[in-house]
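# Here is my input, please return the structure:
(chains A and B)
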Amino acid sequence: MMYFSQKEKEKLGLKYVMDEIRTGSAYGRAVRNAVAFYGKEKEKELIRELERTKKLSEILPSFKAEYDHLFMIFEEIRDIRNLIQSLEQGKVLSELDLYEIKFFLARMDDIQKEKKKILGEEYNLIPLEELREILDPQGTGLCTFYVYDEYDENLKNIRKKKREIEMRIRRAETEKEKEVLLMERRSVTLLEEETEYLVRKVLTSRIRPFGERILQNMDTLGRMDYLLAKAKLAGDYETCLPEVGKSRPISMVNGYHPYFESMIRERERNFSRISICLEKGSTLLTGANMGGKSITLKTVFLNTVLVQMGILPFAEKMVTPVLARMDLLSEDEENPDRGLSTFGGEVLKIREIMSSMSESPSLLVLDEPARGTNPVEGTAIAGGLLKYFSEKEHFLLMASHYDLKDIEGIKRYQVRGLKDVDLNSQTRNTDEDRYAKVRSLSDLMDYTLETWDGTRMTGDAVRIGEYLGFSKELTTEIRKLLE
Amino acid sequence: MERLFSLRSLSIIGMGKNTGKTSFLNLLLKEAGRRHPEKVMAVTSIGRDGEERDLVTGTEKPRIYVLEGTLVATSEELMNKCDVTKEIIEITGIRSSLGRVVIFRALSDGFVEIAGPSRGSDLAHIEKKVKSIEKNCLFIVDGALSRMSFSSKTDGAVLCTGASISHSQQQIYEKTKHALSLLMLRETDQELPEAKGRAYLKTGEEWTEVKGDIALSIGSEISRQIKESTSAVYIKGAVTDRLIRDFLSSRDFRNLALIAGDGTQYLMSIETLEKLNVRGIRLEAENEIQVKMLMVNPFDPNGGETDLKDLMLKLRSELEIPVYSLAELKGEKRNDVF
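Below is the predicted model:
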């Protein structure tokens, strides 16, 4: 079973999305944290889960009051899994423990009532009426708890005696008289304590058989909480129901990465959406620096990963098969502990991924592989990888600056970049803050992807250098060399 | 005295260890049961109180004895030290040093140990919960020594003083009067700045923030910025002798208002207070503490009882609030008192 480490989740923006799935209860959080890839064997379940999420996200806005109430209860219920598990180990429940269980039962009822309106007969909780009766022997329906007189005749009599003494204490005339009575009371309270313990012991053994069902309800609750949170997120953002199925390409129409988009929105800019289609084999992406290649790779990758986990992707349209593995390799992959160079770390990682690729399709995304080595061999390595994967059942998406126009049988995209922009007309005050310049440059950049025949493109890098302040003399020298 | 029972909330604060806070609380609870059996008492503390032995001085301490029906907010770890029959009403999300704060109702009379929240904001939360259970209850907060500031949040306060703070009646008298004069500082009528700064100076109608570390440099910074036209100084946090010493170094620190959060924030000696008087400094508070009564404990922690007759006479003639000795409250005269 493949999984991502915490660090990888952060790097991919997966952690950002998971944090945005706002579950209310500890049970929901547990489900969220354990969410895994469905895999090929569970393809049908995956499709059902995606459809269920989509459907729910569509109806949720018309159940706002119910959802808010449900969420409030989720936030209110405490995590008492340990308590229930300790039942099995023979622990005698304390008054507080018994209160906790009673409180949980009451909240369970509230949830069952409220969720019916939204989810119908799905996610039904197991009714535990008998257990409630045990914890509410007076039938008051209240959520409070004490070791009730009704549990034990002996306990009732002890309390009666205690009460009599307490009444005499209230009427006591002298300190001396009071002290004697307090001593007497002390022995009765000890008796009360012992008897309460015995009663709790009996109660615990009566409750024990319900433990398994309580745990099941906690699990159902958790899954309900997670599904609702997932659907809420899907509705809050622009997402779509993806097409999942064998022998499909990986295709995304107007996709975006919610993390980058949120950052860009803070700067009050529009982020151009990304459309790309990967067929089995190799796809090469090229384009100017600052052209958003890395963001493109991360966006395709994140959305593909999300679908595999049953989460609706951030796109207008998305198609993907169920994948066996997904890997994204970008800069700084080397492990500093082993003293490897960027290049060495990259080689090891690619080897490791390739050796664990199975029959079913996998997705491998490489952001400028072999950029740390000399350009001649680097070009050959990048080209070799493209060639190798072009014959395979897997998907390789690679961003590279190397000149790879001779490689055949691969798909190519380029970022439109600054092609249609007249930078000369944009040149501003030379004293302008350099960060402002970089910002305005990225505002001018056209991030749209277009298919490309592989013809070597040059010029954007020099133009950027010029725009950001290379002297006329220097750029003249550079241009001469380029020709 | 009767009017304590008409308050919505009451704090009991002491000038030192063994000033009879718990004894007073017990008397109050007992009298409430006798005179207002329909009125629900709700008890909690800020910090810890109620152990059999005093954790600090090691002397025997009275325990809190509540009557049936009382609401108690204490920490879960102290639940089994409460020998009343308990109906658990709520486990709050508030944490104390001894676990979560639990609210229960005493279904019998008996002893309880109380450790409520340690933060003022949490206390307000507990009060709200308790009031939602019993709207008309009297919410009583037993205050730890170091956390007297919370008493500005209750409708009224009872200050406990007594033989344990000094051997000399004159000393007890002076210390108590000094404490009262600070605690009962009038609420300022100035409009105070709402920003998060630690110190402000007022010139005309304008407040200007003074930046600096409250513990280290802010005193000298304030004294440097005080001008003849400055009409008020507002300090968020403790006003100490040291801080005042810094202020006094400015010639212009005179005839103005000095404002702090409440009376408990003024942690200064009698001498310092006199110097401020000479300079014409008016002490004011953002929140007024309503001290409703002074309770004097003649009992020594070692068992003796001091004759405080002269002290009582002097305090009674000078103070506008009622002054009682714990001996009176405990003794036969209590019917006249309550």
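# Check chain B for its longest strand and report it.
Taking DSSP state E as the criterion, chain B has its longest strand at strand B:86-96.
# That one and chain A, are they touching?
Yes - using CB under 8 Å from any CB of the partner chain, strand B:86-96 reaches chain A at B:86, B:87, B:88, B:89, B:90, B:91. From N, CA and C alone the C-beta is placed, and that goes for glycine too.
# Save those as JSON lines, and put in pLDDT too.
Below are the residues of strand B:86-96 next to chain A laid out as JSON lines (pLDDT from 0 to 100):
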{"residue": "B:86", "pLDDT": "96"}
{"residue": "B:87", "pLDDT": "97"}
{"residue": "B:88", "pLDDT": "97"}
{"residue": "B:89", "pLDDT": "97"}
{"residue": "B:90", "pLDDT": "95"}
{"residue": "B:91", "pLDDT": "95"}
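# Let's see if you can find the most crowded of those.
Counting neighbours by other CB atoms under 10 Å in any protein chain shown, residue B:86 comes out on top of these with 26 neighbours.
# hang on, residue A:252 in a helix?
No - per DSSP: H, G, I helix; E, B strand; the rest coil, residue A:252 lies outside any helix segment and is strand.
# just checking, it touches residue A:273?
No - judged on CB atoms under 8 Å, residue A:252 makes no contact with residue A:273 at a distance of 9.1 Å.
# of the two, who's got more company?
residue A:252 (29 against 18).
# list the contacts for the more buried one?
A:274-277, A:299-300, A:303-304, A:313, A:315, A:317-319 (CB atoms under 8 Å, 6 or more residues apart in numbering or on different chains).
# hmm, try it at 10 Å
With contact set as CB atoms under 10 Å, 6 or more residues apart in numbering or on different chains, residue A:252 has these partners: A:240, A:242, A:273-278, A:296, A:299-300, A:303-304, A:307, A:313-320.
# Check residue A:55 too.
Contacts of residue A:55 (CB under 10 Å, 6+ apart): A:231, A:241.
# distance of it from residue A:21?
Using CB to CB, to the nearest Å, we find residue A:55 at a distance of 17 Å from residue A:21.
# tell me the SS of residue A:75?
helix.
# The helix or strand hosting residue A:65: what's the following helix or strand?
For residue A:65, the host element (DSSP states H and E) is helix A:64-76. Proceeding N to C from helix A:64-76, the next assigned helix or strand is helix A:81-88, under DSSP H and E.
# What helices and strands are in contact with the lengthiest helix in chain A?
The longest helix of chain A (DSSP state H) is helix A:175-207. Counting contacts by 3 or more CB pairs under 10 Å, 6 or more residues apart in numbering or on different chains; DSSP states H and E, helix A:175-207 is packed against helix A:81-88, helix A:95-119, helix A:129-135, helix A:153-171, strand B:110-112.
# which regions of chain A sit below the pLDDT cut-off?
A:1, A:266-271, A:332-340, A:419-420, A:423-434, A:456-459 (pLDDT under 70).
# what does the stretch 1-150 of chain B put close to chain A?
B:30, B:33-34, B:65, B:67-68, B:76, B:79-80, B:83-91, B:93, B:99-100, B:102-105, B:107-111, B:133 (CB under 10 Å from any CB of the partner chain).
# one step back: now which of the contacts of residue A:252 would you call buried?
A:240, A:242, A:273-278, A:296, A:299-300, A:303-304, A:307, A:313-315, A:318-320 (16 or more other CB atoms under 10 Å in any protein chain shown).
# Determine the set of other helices and strands touching the helix or strand residue B:314 falls within.
In the assignment (DSSP H and E), residue B:314 maps to helix B:309-318. With contacts taken as 3+ CB pairs under 10 Å, 6+ apart, helix B:309-318 sits against strand B:156-162, helix B:169-183, strand B:291-297, strand B:323-325.
# buried residues in it?
B:311, B:312, B:314, B:315.
# need these in TSV with pLDDT, can you?
Shown next, in TSV, are the buried residues of helix B:309-318 (pLDDT from 0 to 100):
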residue	pLDDT
B:311	88
B:312	90
B:314	91
B:315	91
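# nearest to chain A, of those residues?
Nearest to chain A among the buried residues of helix B:309-318 is residue B:312, at 22.8 Å by CB to the nearest CB.
# now that closest one: how far from residue B:173?
From residue B:312 to residue B:173 the distance is 10 Å (CB to CB).
# For residue 37, list the residues it contacts.
Since no chain was named, I'll use chain A. Contacts of residue A:37 (CB under 10 Å, 6+ apart): A:1-4, A:46, A:305, A:307-310, A:322-326.
# looking at chain B here, not the other one
Applying CB under 10 Å, 6+ apart, the residues near residue B:37 are B:67, B:68, B:69.
# Relative to chain A, which residue of the stretch 151-300 of chain B is the closest?
Counting by CB to the nearest CB, the stretch 151-300 of chain B gets nearest chain A through residue B:299, at 13.2 Å.
# Which residue, other than its chain neighbours, is closest to residue B:5?
Nearest residue to residue B:5 in three dimensions, chain neighbours excluded: residue B:36, at 5.4 Å (CB to CB, 6 or more residues apart in numbering or on different chains).
# if we can go back for a sec, the contacts of residue A:37 in helices, which ones?
A:46, A:305, A:307, A:308.
# For the closest residue to the second one other than its chain neighbours, grab the count of nearby residues.
To tie it back to what came earlier, the one meant is residue A:305. The spatial neighbour of residue A:305 that comes closest, neighbours along the chain excluded (CB to CB, 6+ apart), is residue A:326 at 5.5 Å. By other CB under 10 Å, 20 other residues sit near residue A:326.
# how near is residue A:326 to residue B:326?
Separation of residue A:326 from residue B:326 (CB to CB) stands at 76 Å.
# now do residue B:75
28 Å.
# what's the answer for residue A:368, then?
82 Å.
# what bridges to the residue of the stretch 151-300 of chain B closest to chain A?
Beta-bridge pairing for residue B:299 (DSSP bridges): residue B:305.
# Residue A:286 touches residue A:407, doesn't it?
No - between residue A:286 and residue A:407 there is no contact under CB atoms under 10 Å: 11.9 Å.
# before we move on, back to that, give me the contacts around the helix holding residue A:65.
Contacts for helix A:64-76 (CB under 10 Å, 6+ apart): A:22-29, A:56, A:60-61, A:63, A:103, A:106-111, A:113-119, A:221-222, A:224-225, A:228-229, A:231-232, B:93.
# if you set the cut-off to 6 Å instead, what comes out?
A:24, A:25, A:60, A:107, A:110, A:111, A:114, A:117, A:118, A:225 (CB atoms under 6 Å, 6 or more residues apart in numbering or on different chains).
# Buried subset of the residues you listed, written for PyMOL?
Buried residues within the contacts of helix A:64-76, by 16+ other CB under 10 Å, are selected in PyMOL with:
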select buried, chain A and resi 24+25+60+107+111+114+118+225
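# out of the contacts of helix A:64-76, what pair is the most spread apart?
Within the contacts of helix A:64-76, two members stand farthest from each other by CB to CB: A:60 and A:107, at 21.1 Å.
# which residue sits closest to residue B:79, ignoring its sequence neighbours?
Per CB to CB, 6+ apart, closest to residue B:79 is residue B:102, 6.3 Å.
# and if you look at residue B:156?
Closest to residue B:156 by CB to CB, 6+ apart is residue B:292, at 4.1 Å.
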